[in-house]
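In: Sharing a model prediction with you, sequence too.
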Amino acid sequence: MKHLPLVAALICLPLPALAQDTGFGPAGILSAKNKQDLEPITLSAGMPLTSAPWVLKSGTYYEFEIQGDGSQELALTGSDFFRAIWIDEIVVEGLEIRPLGLDSIEFDEAGEMEIGFLAIKPGRYHLMVPGSTGETQRLDITIE
């Protein structure tokens, strides 16, 4: 009985007053309105990974492709970056993988993978080819 005035007040409110407009669609932060595509990463012997660093916004969903040309066995490491994001899925040849975490990936031969993730923790991170020292073999990433 003591909650009756609160229930009565809620019933009298128009329905739109109860729903908050977040600007996202029905899927919330995973909706298409909150998704951005990033420049692909290219894994090729001696070639730059991307043309420019990535600047990401916390709370935004991103997708990118990694394209390996098979010129050499190449990997990408970036455990700090992978811990600063939530990985929704990794797609390899139509197979969807939903990992709890990731430390690195490696291409032993030519192929493609797509990674979808939500940027979470602001900071400066990088992905790099392990053992390399060249700036073109490193992708600097900032999450704002």
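Out: Here it is on my side, so go on.
In: how about the residue nearest the centre of the chain, what does it touch?
Out: The residue lying closest to the centre of the chain (CA atoms, centre = their mean) is Phe117, at 2.4 Å. Applying CB atoms under 8 Å, 6 or more residues apart in numbering to Phe117 gives the contacts Tyr61, Tyr62, Glu63, Ile85, Trp86, Ile87, Asp88. To be clear about C-beta, it is placed using only N, CA and C from the backbone, and glycine gets the same treatment.
In: measure the fourth one to Gln67 for me?
Out: Using CB to CB, to the nearest Å, Ile85 is found at 20 Å from Gln67.
In: Look at these two and report which has more neighbours.
Out: Under the criterion of other CB atoms under 10 Å, the comparison of Ile85 against Gln67 puts Ile85 first, with 21 against 15.
In: Look up the closest residue to the more buried one, ignoring the ones flanking it.
Out: Nearest residue to Ile85 in three dimensions, chain neighbours excluded: Phe117, at 4.4 Å (CB to CB, 6 or more residues apart in numbering).
In: Ile115 now?
Out: Nearest to Ile115 is Ile90, by CB to CB, 6+ apart, at 5.2 Å.
In: Neighbours of the one you found, how many?
Out: With other CB under 10 Å as criterion, Ile90 counts 18.
In: and Asp80, that's in a helix?
Out: Yes - under DSSP: H, G, I helix; E, B strand; the rest coil, Asp80 sits within a helix.
In: So in this protein, where's the weakest helix or strand by average pLDDT?
Out: helix 15-18 (a mean of 47; mean pLDDT, DSSP states H and E).
In: what's the offset of whichever helix or strand comes after it from the middle of its chain?
Out: Next helix or strand after helix 15-18 toward the C-terminus (DSSP states H and E): strand 35-37. Its chain's C-alpha centre and that of strand 35-37 lie 9 Å apart, by CA atoms, centre = their mean, to the nearest Å.
In: follow-up on the earlier one: gap between the host helix or strand of the residue nearest to Ile85 and the chain center?
Out: Element membership for Phe117 (DSSP H and E) is strand 111-119. Chain-centre distance of strand 111-119: 7 Å, with CA atoms, centre = their mean.
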